[in-house]
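Peer 1: Fold the stuff below for me.
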Amino acid sequence: MDRKLEQTLTDLRNEVSRLPEQDLESKQKLELLIQTLEKKLGSPDNLDYHNSLTKTVSDSVSHFEVSHPRITGILNDVMMTLSNMGI
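Peer 2: Sure thing, here's the model as predicted:
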């Protein structure tokens, strides 16, 4: 996995850990997204994974845009890194 992407995922994990306990739904969605990113990026030759990966991240940006702007910024970094990787 790309170093920049690894760092961005670490930043995302850190932000998720700071979410309040009452925001359990957001926390679970983001943890699932992180797992999905790691799994899909572990299969670099699978183009179907790559296509759904960008859609998944894009959908997450839309979902968290208003409620969690810092997380949205990190997710935008993920999308930029994926784009730079040709995904």
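Peer 1: isn't residue 31 right next to residue 16, touching?
Peer 2: Yes. The pair residue 31 / residue 16 is scored as a contact, 6.2 Å apart, by C-beta atoms under 8 Å. Every residue, glycine included, has its C-beta placed from N, CA and C.
Peer 1: who has more neighbours, those two?
Peer 2: A direct count of neighbours by other C-beta atoms under 10 Å for residue 31 and residue 16 places residue 16 higher, at 20 against 15.
Peer 1: Can you name the element that comes right after the host helix or strand of residue 32?
Peer 2: Element membership of residue 32, judged by DSSP states H and E, is helix 24-41. Using DSSP H and E, the helix or strand that follows helix 24-41 in sequence is helix 47-64.
Peer 1: Show me how far that next one is from its chain's centre.
Peer 2: Offset of helix 47-64 from its chain centre (C-alpha atoms, centre = their mean, to the nearest Å): 8 Å.
Peer 1: buried residues in the following helix or strand past it?
Peer 2: Per DSSP H and E, helix 47-64 leads on to helix 69-84 as the next helix or strand towards the C-terminus. Using 16 or more other C-beta atoms under 10 Å as the test for burial, helix 69-84 gives 71, 72, 74, 75, 77, 78, 79, 81, 82.
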